[in-house]
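Asks: here is my input, please return the structure:
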Amino acid sequence: MKNILLSLFSCLFTLNLYAQVDLSPAKVKAIKQKIENKIPALKLKLQKFREDTATITFTLDTFRVEQYNNEHLKLVSTDSEMANVTYEQAKNYDVLLNRYYKKLMVILKDDDKKTLMQTQKAWLVFRDNEVKLNNTIEKPAYGGGGTVLALNDSGLYLNLIKTRTLAIFDYYIRITEYH
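Replies: Next up, the predicted model:
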C-alpha cells in the first residue's frame, strides 16, 4: 500500500511539474482588456510630462508586454511554466525589436542602413553565443543542474532581447529628436 501511495504521489507530482497552464482565448482576451483599460491613464501621465509621440508609443508597447507577463505569471506555479512565460515575454519583446528596427531602417541613409544591418547581424551572433555559453556553464560538469536552469535560461534570453530592443529604440529616438 505504501508503494502504491508513493507511486501515485510521484505520478501526480510529475504531472504537475510538466503541466502547462492553458490560457483560453477568453482568458487572454480578459487579460489584454484589463491592460488596455490602464493605457489611457498612463498615456495622459506621459503627455503631462510632455513626452514625444514615439516615446509614448514605445512606453505603452513595453507596458503591454510587461503587464501581460505579470498577469500570466500569476497563473503559473512551476519553474517550467514560469520559464515558458518568460520566453513568451522575450518573443513579445522580439516583436518590438523588429518593429523599431524597421522604423530605424526607414530613417537611415543607405550607407547607414548597411551599418545597422551589420551591427544587427553581429548582435544576433553575440546573442546566440551568449546562449551557448550559458548552456555550457550549466552543464553538470560545472555544477549545473536542477529545475531552476529553465528559469536561468529564459531570464538570460529575455534580458538579451530586452536590452537590444531598448538600444534600438534609443537609436531611433535619438535620430527622431533631432529632426
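Asks: quick one: contacts for the residue nearest the centre of the chain?
Replies: The centre of the chain sits closest to residue 90, judged by C-alpha atoms, centre = their mean, with a distance of 2.3 Å. Taking C-beta atoms under 8 Å, 6 or more residues apart in numbering as the criterion, residue 90 is in contact with 154, 157-158, 161-162. For glycine as for every other residue, the C-beta is placed from the backbone atoms N, C-alpha and C.
Asks: so can I have a markdown table of those residues showing neighbour count?
Replies: Converted to a markdown table, the contacts of residue 90 look like this (neighbours: other C-beta atoms under 10 Å):
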| residue | neighbour count |
| --- | --- |
| 154 | 21 |
| 157 | 22 |
| 158 | 22 |
| 161 | 21 |
| 162 | 20 |
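Asks: make JSON lines from these and add pLDDT, secondary structure and distance to residue 106 to it.
Replies: What follows is the contacts of residue 90, written out as JSON lines (pLDDT from 0 to 100; DSSP: H, G, I helix; E, B strand; the rest coil; distance: C-beta to C-beta, whole Å):
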{"residue": "154", "pLDDT": "96", "secondary structure": "helix", "distance to residue 106": "32"}
{"residue": "157", "pLDDT": "97", "secondary structure": "helix", "distance to residue 106": "28"}
{"residue": "158", "pLDDT": "98", "secondary structure": "helix", "distance to residue 106": "27"}
{"residue": "161", "pLDDT": "98", "secondary structure": "helix", "distance to residue 106": "22"}
{"residue": "162", "pLDDT": "98", "secondary structure": "helix", "distance to residue 106": "23"}
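Asks: phi, psi of residue 76?
Replies: phi -120, psi 160 (degrees, to the nearest 10).
Asks: whoops, residue 77 was the one
Replies: According to degrees, to the nearest 10, residue 77 has phi -140, psi -20.
Asks: report pLDDT for it.
Replies: Predicted confidence (pLDDT) for residue 77: 92.
Asks: next, count neighbours for it.
Replies: The local packing of residue 77 (other C-beta atoms under 10 Å) involves 13 other residues.
Asks: likewise for residue 118?
Replies: 10.
Asks: just residue 51 next, same as before
Replies: Using other C-beta under 10 Å, residue 51 has 15 neighbouring residues.
Asks: now, the most widely separated pair of the contacts of residue 90?
Replies: 154 and 162 (11.9 Å; C-beta to C-beta).
Asks: hang on, the earlier thing: return the member of the contacts of residue 90 nearest to residue 101.
Replies: residue 161 (12.0 Å).
Asks: which residues touch that closest one?
Replies: Applying C-beta under 8 Å, 6+ apart, the residues near residue 161 are 90, 93-94, 97, 127.
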